[in-house]
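Colleague: Generate coordinates for the sequence data below:
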Amino acid sequence: MRSFIGLDLSATEKLALDSWRQQALPEVMPRQWVKSESTRSRKSTKARYDNTNSQGPAQPYAVPAANFHITLSFLGEINHRQHEALVYELDQLVSEPFSLTLDATGLWNGPKILFASPTDAPKALGELAKLSRKAARKAAIEVESREYKPHVTLVRKATSSLPLPLYNPNVDVHVSAFHLFESVSTPQGVVYPIRQSWPLKHNMSVREKLRRGITDE
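Modeller: Residues are numbered from 1 along each chain as shown. So this is what the prediction gives:
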């Protein structure tokens, strides 16, 4: 299955980020709206490129809020044996909960995405990404070694012609677990169901947790 290790956002956090996107990028529409408009336009103008629609909309479109996530490690296609080995390795992973603020945006020309990211990523996030990649390698899964850049993809097929957001987001995200996601293609677009989850726990004594009023439940 095509998979990745990542962080999910709560429903409230997803709605807050999507609300910001609608206000700061009002010209970006959901994929199905763009696709419908593109189809009508081709029919009325008899466009020369008949295959454009089969490849998806050519203009930028908004990622559904339900798909918002932060990737820790992209795995690609993994087989059953690799999956079992990965689950075993992730069962051993120990890391603490943390919070971050999505308060910046950026555009990557390669994958053509506009994203939201934290200006100051917490050290715990980078460490968790590093540990997840290590677990994948132990499970005989090849993962990229380039610098980790946490982000949430908001717009696909974005180019430099896309107007900049009217203002930056300011969405707090609280992370208490990480997950193994599957990437599944459907007629309505890709979806990312969570296949397994692991809680993040504070690495301190019970007495220290009580003193600070911390629970891992």
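Colleague: Quick one: mean pLDDT for stretch 71-83?
Modeller: Stretch 71-83 shows a mean pLDDT of 98.
Colleague: buried ones in that stretch?
Modeller: 71-75, 78, 82-83 (16 or more other C-beta atoms under 10 Å). C-beta here means a position set from N, CA and C on the backbone, and glycine is covered the same way.
Colleague: Give me the contacts around it.
Modeller: 1-7, 86, 128-129, 132-133, 136, 139-144, 150, 178 (C-beta atoms under 8 Å, 6 or more residues apart in numbering).
Colleague: From the buried residues of stretch 71-83, which land in strands?
Modeller: The strands, defined by DSSP state E, take in 71-75 from the buried residues of stretch 71-83.
Colleague: ok, of the contacts of stretch 71-83, which come out buried?
Modeller: Neighbour-count burial (16+ other C-beta under 10 Å) applied to these gives 1, 3-7, 86, 128-129, 132-133, 136, 139, 141, 143, 150, 178.
Colleague: So for the lengthiest strand in the chain, mean pLDDT?
Modeller: For the chain, the longest strand by residue count, based on DSSP E, is strand 98-108. Averaging pLDDT along strand 98-108 yields 98.
Colleague: picking that back up, name the nearest of the ones in strands among the buried residues of stretch 71-83 relative to residue 99.
Modeller: residue 72 (16.0 Å; C-beta to C-beta).
Colleague: where do the helices sit along the chain?
Modeller: Along the chain, counting by DSSP state H, helices occupy 11-24, 31-45, 80-91, 123-138, 206-212.
Colleague: hang on, isn't residue 149 packed against residue 117?
Modeller: Yes: between residue 149 and residue 117 there is a contact under C-beta atoms under 8 Å: 7.1 Å.
Colleague: returning to that earlier point: give me the buried positions along the longest strand of the chain.
Modeller: By 16+ other C-beta under 10 Å, the buried positions in strand 98-108 come out as 98, 100-102, 104-105.
Colleague: how distant is it from the center of its chain?
Modeller: 11 Å (C-alpha atoms, centre = their mean, to the nearest Å).
Colleague: Nearest to the spatial middle of the chain, which residue is it?
Modeller: Centrality entry for the chain: nearest residue to the mean C-alpha point is residue 69, 2.9 Å, by C-alpha atoms, centre = their mean.
Colleague: Across the sheet, point out what pairs with it.
Modeller: residue 8 (DSSP bridges).
Colleague: do the same with residue 104
Modeller: residue 117.
Colleague: Who are the contact partners of it?
Modeller: 116-119, 168-169.
Colleague: What is the nearest of these to residue 155?
Modeller: So of the contacts of residue 104, ranked by how close each gets to residue 155 (C-beta to C-beta), first place is residue 116, at 10.0 Å.
Colleague: separation between the closest one and residue 68?
Modeller: Using C-beta to C-beta, to the nearest Å, one gets 9 Å for the distance from residue 116 to residue 68.
Colleague: swap in residue 29?
Modeller: Taking C-beta to C-beta, one finds residue 29 at 17 Å from residue 68.
Colleague: So between the two, which is more surrounded?
Modeller: Set residue 29 next to residue 68 and count neighbours by other C-beta atoms under 10 Å: residue 68 wins out with 24 against 18.
Colleague: what's the overlap in contacts for residue 116 and residue 68?
Modeller: 17, 152, 154.
Colleague: Compute the number of surrounding residues for the first one.
Modeller: Per other C-beta under 10 Å, the neighbour tally for residue 17 reads 21.
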